[in-house]
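[1] next input, structure requested:
(one chain, ligands or ions: 1)
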Amino acid sequence: MQSHSSAKPQKNSALLRAPAELRHEIYSYLVPDHIHACVQGDKLHLSTCVVGRIKEEDDSKGAMLPSSNMLDGYERQPKVPLHGDHDPVWAPRLRSTWGPHWICEENTLDQHSEGKLDLALLLVCRDMYLEVVDLLARTAVFHITDLETANFLHERPLLLCSMQLRLTQLSITLRPPIKFYQSLERPDDDTTMEPELASATQTWSRLGSIIRQFNRLSRLWIWLDHDDPCSWSLVNERATLQPLITQLSGSPNLKISIYLPRLHPKYEREDWHYTSETPTPFHLHRKLRQRWHGVEKGQGRFQVIHKVDFPFLIDIIGFDEMSMVEVEEEERKGWRKGTDMELVVEDLNHANIHENMHI
Ligand SMILES: [Zn+2]
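    Here you go, the predicted structure:
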């Protein structure tokens, strides 16, 4: 990216001679309000986020996630579905580490995508560059989807005219392997970790301190999941989040919302999880997990599988018209009575299949 210092002053520009309010109004039409920042190689790439504006129904100020409770991965299927034991489109989408921002990842990787952020405006001249950078930092939600980018923003304080130090809204979406969370439970034992995993856990362990550097930040959203079809509830949420929360406890004006998958009653533990009874120093939102997964079958082949995490009843006819809260409560009643609701749903599905076969 061209440095602002090489942009020439444009004293005769009609835009620059216009009143500041009018200029800002014009800029606001040209710069997006949700931006992905992503490190590729040694460079920071910015692209427009195409899902960030869809409001999260639980969080009227949120605007960071698709709102539907039923975004379970099925919606990532290409318009013309593929059949067979190798799915080169749907399966990779389901494996996206960008989670609900999978389409933003596709746009970022696509050189010709309209999602590419056109920063030509920044390069017109130095004054305009400074004004637009300032506007971006004040008004846009910056989305990052990996810890390498968080580290990069931290280590390059002069990046984009230190825009990151003036950020006001940051959204972090992470979908690492489950072993990332397992390694956070024993942070001192990094001798056997792969270098990439060790680096990610080290960055996570000081993420709160990194975020505190952005001292104008007023809003932080964190979205977490892992990429394995097994239940989210095998993750120790408290061990994962406690260091971050402690490091951010000195920022009382920072409003934090954390999005975690719904807890599976079979694995739920008070000492591991933020259960509904536990008060939290952040706004906790529980979301439905992906129910479709892309799994690697070896030799570069990928397959789509259907593997459900709690709640299971929403796949059963009759429950699909109830609200998520009602389904969850209904299913929890069963678990509380000692019934394995996963097995019950499995049996009901088998019964339905046999019934349909007789028709
Ligand atoms: Zn996005």
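[2] quick one: the most centrally placed residue in the chain from A20, how far?
    For the chain, T173 is the residue whose C-alpha lies nearest the centre (Cα atoms, centre = their mean; 2.5 Å). According to Cβ to Cβ, to the nearest Å, T173 stands 34 Å off from A20. For every residue, glycine as well, the C-beta is placed using N, CA and C.
[3] contacts only, for the residue nearest to the centre of the chain.
    Applying Cβ atoms under 8 Å, 6 or more residues apart in numbering to T173 gives the contacts W98, G99, P100, H101, H143, I144, T145, W223.
[4] identify the farthest-apart pair in those.
    P100 and I144 (14.0 Å; Cβ to Cβ).
[5] related to what we said a few turns ago, quick one: which of the contacts of T173 is nearest L165?
    Closest to L165, out of all of those and judged by Cβ to Cβ, is I144, at 15.0 Å.
[6] tell me the bridge partners for that closest one.
    I172 (DSSP bridges).
[7] surely it touches H36?
    Yes: counting by Cβ atoms under 8 Å, I144 touches H36, with 7.5 Å between them.
[8] with neighbour numbers in mind, choose between the two.
    For I144 versus H36, neighbours defined as other Cβ atoms under 10 Å are more numerous around H36 (28 against 20).
[9] near the ion, which residues of the protein?
    By Cβ under 5 Å from the ion, the residues of the chain that approach the ion are C49, V51, H101, C104.
[10] mind listing what's buried along the helix or strand containing the last one?
    The secondary structure element spanning C104 is helix 102-109 (assigned by DSSP states H and E). For helix 102-109, the neighbour count (16 or more other Cβ atoms under 10 Å) marks W102, I103, C104, E105, E106, N107, T108 as buried.
[11] bridging across strands, which residues link to the residue of the stretch 251-359 of the chain found nearest the ion?
    Proximity of the stretch 251-359 of the chain to the ion (Cβ to the ion) peaks at Y259, 14.0 Å away. Per DSSP bridges, the residues bridged to Y259 are W223, H285.
[12] now do the contacts for it.
    L65, W221, I222, W223, L224, H285, R286, K287.
[13] assumed L136 was part of a helix.
    Yes: using DSSP: H, G, I helix; E, B strand; the rest coil, the secondary structure at L136 is a helix.
[14] leaving out sequence neighbours, find the closest residue to it.
    V31 (5.6 Å; Cβ to Cβ, 6 or more residues apart in numbering).
[15] return the residues in contact with the one you found.
    By Cβ under 8 Å, 6+ apart, the contact list for V31 reads L121, V132, L135, L136, T139, A140.
[16] most widely separated two among the residues you listed?
    L121 and T139 (14.5 Å).
[17] just give the number of residues close to the closest residue to S218 other than its chain neighbours.
    Nearest residue to S218 in three dimensions, chain neighbours excluded: T168, at 5.4 Å (Cβ to Cβ, 6+ apart). Residues contacting T168 under the criterion other Cβ under 10 Å number 15.
[18] kindly report the same for K307.
    14.
[19] roughly how far does the residue lying closest to it once chain neighbours are set aside sit from the ion?
    Residue nearest to K307 in three dimensions, not counting chain neighbours: P229, with 3.7 Å by Cβ to Cβ, 6+ apart. From P229 over to the ion the distance is 24 Å, taken as Cβ to the ion, to the nearest Å.
[20] does P229 really touch R291, like I thought?
    No: in terms of Cβ under 8 Å, P229 does not count as a neighbour of R291; the distance is 9.2 Å.
[21] contact partners for the closest residue to D72 other than its chain neighbours?
    Spatially, and ignoring its direct neighbours in sequence, D72 is nearest to R291 (4.0 Å; Cβ to Cβ, 6+ apart). When contacts are counted by Cβ under 8 Å, 6+ apart, R291 is found next to D72, G73, Y74, H306, K307, V308, D309.
[22] now do T145
    The contact partners of T145, taken as Cβ under 8 Å, 6+ apart, are H36, C38, T97, W98, G99, H101, E105, I172, T173, L174.
[23] about what we covered before: grab the nearest non-local neighbour of the residue nearest to the centre of the chain.
    T173's closest residue in space is W223 (Cβ to Cβ, 6+ apart), at 4.4 Å.
[24] spell out, range by range, the strands that occur in the stretch 51-200 of the chain.
    Taking DSSP state E, counting those that start in this stretch, the strands of the stretch 51-200 of the chain run over residues 141-144, 169-174.
[25] so how far is stretch 179-188 from its chain's centroid?
    Remark: stretch 179-188 is offset 20 Å from the chain centroid, using Cα atoms, centre = their mean, to the nearest Å.
[26] quick one on the thing from earlier: okay, the residue of the stretch 251-359 of the chain closest to the ion and Q202: tell me how far apart.
    Distance, Y259 to Q202, using Cβ to Cβ: 24 Å.
[27] name the element T201 belongs to?
    With DSSP H and E as criterion, T201 is part of helix 195-205.
[28] return the list of helices and strands in contact with that helix.
    In terms of contacts (3 or more Cβ pairs under 8 Å, 6 or more residues apart in numbering; DSSP states H and E), helix 195-205 is packed against helix 147-155, helix 178-184, helix 237-248.
[29] and the shortest one, which residues are buried?
    In other words, helix 178-184. Under 16+ other Cβ under 10 Å, the buried positions of helix 178-184 are I178, F180, Y181, Q182, S183, L184.
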